Structure formats: C-alpha cells, structure tokens
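S.K.: The sequence and its predicted three-dimensional model are supplied below.
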Amino acid sequence: MNRLDMQLQRLGFDQVNRGRSSNGLVLELHKPAKPAYLLEVWRAVQRDLGLPPPALAISGMDAYQVWFATSAQLKPAQAFDFLSGLCNRYLSELPGESMRIWPQPAADASGQASADAMEVPPKKLADGRWSAFVLPSLIEMFEDEPWLEIEPGVDAQADLLARVEPFGIDEFNAALQLLSPEKIQVPATMPVRQAAAEAGASAARAREFLLSVMDDQSLAIDLRVQAAVALLAASNAS
C-alpha cells in the first residue's frame, strides 16, 4: 500500500467509488458554475461551522468537488441533510441541476448507499484526462479545464490529503444545527422592523436579532436591507 492509498483509507474515501456508505461525503459543482462558488463553501465550513478544511478536487471532466471526511460513519440520510444544507445556504443562487451530492439518502437493506457513486481522484478517464485533488489556492486555475493532462504524482496527492482531518459526530451535529433553516425564522410577509419588535422586549435583544438577520446570507437581500434600516433607525432614536 502506497502513501496515497493509506491516506484514502484513513479518510474513508477508498470506499466511495464502490458505491458503499462510507465516511466520505462529496459535493460536486458542474460547469458553467465557477470553482469560486465551491471555494466559498470550503471557506464557509471553516469560518461559519467550525469544521476542519475539507479536500478540493477537479473531476477530470466538467466539475469541481469538495470532499468531507467524518471519523464516524454516517447514515446516507444524515450525509444528505448536511450536504443539501450547504447547498441551500451557500449555493442557493445556482440551479439545482448544477449540483450533485453523494451519498444519496436511499439505501438498500444492507445499509449501502444507492448507486451512482463518485469516482475517487486521482483517476484516468477514457479521454486520457485525469481527475485529481488540488490545492485550494489553485482550483480557480482549472475554471475552463477541470482536469490534468498528465498523471498527478502519488506523493503529491498524498501530501494534499494528509492536511485533511476527519470531523467527529459532535462537530457534525453542531454544524447540521447551524445549517438548519429554522435557526432564524423571518416570514417573508413580515416587515423586519415588526419582527425585531417581537423578537424581544429589550433593545439589546432587538439589536442582536437585527444583526443576526443582516449577517445571515441565506435570507433574501431585501430582508437583510430592512434589518439594516431598522437597526439604523433604532440607533438614531437612542
């Protein structure tokens, strides 16, 4: 077993291309979507969710991927909730057909995830192109051509994966809670000024609520603008 195989096994990625439920979770973004969108997901899971950096890859065809590793095996439905939560929060402006996630929630009686498995990089494709794991600082260089034309070095790929740390079930559950759409509820028909008044009797609680609305990128921009206006009005009145 070479160093790359050892890293793939450590992260649970070695089982993904066998269609099995594993410790590997994959979010794939297809062209014409740009790799910058996926790079933002890579940053956001660290910044917003407190997770370790995942791995980034190019598919060898027309897509970019982010690979997550968990220290405990998840049920396909749990993995699906996490990945779809990322899509809803950070990629909501993209069409659904530009995204693919694995594993899917359907599983057979043996616990295996449904088919349509991901191919684990690095892999040579039929047209001679290669998929590969890549540095976050380089993924945008592959915007036009998400592939390599020569085989990536085994040791270089192993070094990239050595930087990836699996996250535990407690970290996973905390991240899933933060991705919950119920985390902040602001009905679209309710003016933010009114919602702030109902969020709490004290000015401090209202200010905290408005700030949370302003900072939540999953909300519509008009609601966030209303929150900013309401916060400014409250500051001027105090």
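M.R.: Looks like it came in fine. Numbers count the residues shown, from 1 in each chain.
S.K.: Wait, residue 148 touches residue 125, no?
M.R.: No: at 10.3 Å, residue 148 does not count as touching residue 125 under the criterion of CB atoms under 8 Å. Backbone N, C-alpha and C define where each C-beta goes, glycine included.
S.K.: Overlap in contacts, those two.
M.R.: Applying CB atoms under 8 Å, 6 or more residues apart in numbering, one finds that residue 148 and residue 125 are jointly contacted by 60, 131.
S.K.: all strands for this structure, in order.
M.R.: 24-30, 55-58, 63-69, 99-102, 123-124, 130-134 (DSSP state E).
S.K.: Quickly list the domain ranges of this structure.
M.R.: 3-178, 192-237 (automatic domain parsing).
S.K.: Lowest average pLDDT across these?
M.R.: Among those, domain 192-237 carries the lowest mean pLDDT, at a mean of 57.
S.K.: The residue nearest to residue 175 when sequence neighbours are not counted and residue 41, how far apart?
M.R.: Nearest non-adjacent residue to residue 175, counting by CB to CB, 6 or more residues apart in numbering: residue 49, 4.1 Å away. For residue 49, the distance to residue 41 (CB to CB, to the nearest Å) stands at 10 Å.
S.K.: shared neighbours of those two, anything?
M.R.: Listed as contacting both residue 49 and residue 41 by CB under 8 Å, 6+ apart is no residue at all.
S.K.: Could you report the neighbour count for residue 40?
M.R.: 14 (other CB atoms under 10 Å).
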